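**Student:** I'll drop the sequence and a predicted model, then ask my questions.
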Amino acid sequence: MSDISIQGDISPQELEQLTAVNPTDIRFSAMNLLARREHSSKELRQKLLKRFDEPALVDEQLLRLTEENLQSDERFAESYLRQRISRGRGPISIRQEMRRKGISDTGIQLAINAEQPDWYALAKLAFHRKFGNLPAEDIKEKAKRSRFMQYRGFEHDHFQHLLN
């Protein structure tokens, strides 16, 4: 094992330059994150603040990205909605998750209106994927199926007819 020695001392100014957060670095990190998938502004801010301890600079770069339409909560909401629908999630679950990600109720409703999902058909698909076409044998089995659908975030109206 070799010891690394530093020749000379580092001045406070040099140390500050070495550890200073550069707005370009923040932007580069944000662009890398956005290249992988869409992020809400809240989600992107949280991830950037884990890497950079400069909230003002992070907010400044996020504003720039939003103004340049490189980050869009609307685009994120539409993408996230499609992804969660494809995973068999219902409207209640999706709304809660999107709120946690920082999407406003208006933004959520706009995304749902744009996608216009058929919650009844999606509930039927999720139900049959899990339970097949066999009817429930007893009330205990019906309760189990109902809990599953509620856990998935579907409203009772969406799956009630499937329990009979």
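**Tutor:** It's in.
**Student:** skipping adjacent residues, who's closest to the spatially most central residue of the chain in space?
**Tutor:** Ranked by distance to the mean C-alpha position of the chain (C-alpha atoms, centre = their mean), the top residue is Lys101 at 5.4 Å. Nearest-residue entry for Lys101: Ser40, 4.6 Å, with adjacent residues in sequence omitted and distances by C-beta to C-beta, 6 or more residues apart in numbering. C-beta: built from backbone N, CA, C; applies to glycine.
**Student:** phi and psi next, for the one you found.
**Tutor:** phi -70, psi 160 (degrees, to the nearest 10).
**Student:** walk me through the domains of this protein.
**Tutor:** 22-71, 73-117, 119-164 (automatic domain parsing).
**Student:** okay if I get those as CSV plus mean pLDDT?
**Tutor:** Conversion of the domains of the chain to CSV gives the following (pLDDT from 0 to 100):
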stretch, mean pLDDT
domain 22-71, 95
domain 73-117, 97
domain 119-164, 95
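**Student:** need these in a markdown table with distance to Pro12, can you?
**Tutor:** Formatted as a markdown table, the domains of the chain follow (distance: least, C-beta to C-beta, whole Å):
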| stretch | distance to Pro12 |
| --- | --- |
| domain 22-71 | 18 |
| domain 73-117 | 38 |
| domain 119-164 | 54 |
